[in-house]
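Trainee: following is a predicted model, sequence given first.
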Amino acid sequence: MAKGTTRSTDPTLARNRKASHEYAILETFEAGIELTGTEVKALRDGRTQLREGYVRIENGEAWLLGVNVAEYSQGNRRNHEPQRRRRLLLHRREIEYLGSKVAQQGLTLIPLRIYLKGNRIKLEFGLGRGKKLWDKRQDIAARDARRDAERITARVQRL
């Protein structure tokens, strides 16, 4: 790295902020992603969207679907397809465990974030259950109550 250039300390490349609002995350998992060269460069540029993405278990393999990785601007005719299926790299036991949880309990696998771990690009995804409207209202009320309590304690400490 050249002098004077700084690299961000946060290794997160993309985050699905809507996931915690729409789903109750029960467990999280880490997986590698099978990517092409132009996908890696586009991800490092921050040109991806996880909001509509999901993970599906098919034929003993885990697939990342619905994630849009925009084409790399300096790519050539071998540029990647933005909406293609991407295979996730997991151990067989993990895949079997996730498949059984999704099939039996009606849970969903939601991508939470894509990040760098060393020179590898990893996906953090969660096993989640969809929230009902009243669950969302409870979360909002709890967040508001926590903010009010913090305001009051800050006001008392100032005096």
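Mentor: Alright, I've got the coordinates.
Trainee: how many neighbours does the closest residue to residue 53 other than its chain neighbours have?
Mentor: Here the nearest residue to residue 53 in space, its sequence neighbours aside, is residue 67; by C-beta to C-beta, 6 or more residues apart in numbering that works out to 3.9 Å. For the C-beta atoms, the positions are set from N, CA and C on the backbone; glycine is no exception. The number of residues packed near residue 67 is 24, by other C-beta atoms under 10 Å.
Trainee: so how far is the helix ranked longest in the chain from its chain's centroid?
Mentor: Ranked by residue count and defined by DSSP state H, the top helix of the chain is helix 133-158. Its chain's C-alpha centre lies 26 Å from the corresponding centre of helix 133-158 when counted by C-alpha atoms, centre = their mean, to the nearest Å.
Trainee: could you pull out the helices for the protein?
Mentor: Assignment of helices within the chain using DSSP H yields the ranges 19-22, 37-44, 92-105, 133-158.
Trainee: buried stuff in the second one?
Mentor: It refers to helix 37-44. By neighbour count, and taking 16 or more other C-beta atoms under 10 Å as the criterion, the buried residues in helix 37-44 are 38, 39, 40, 41, 42, 43.
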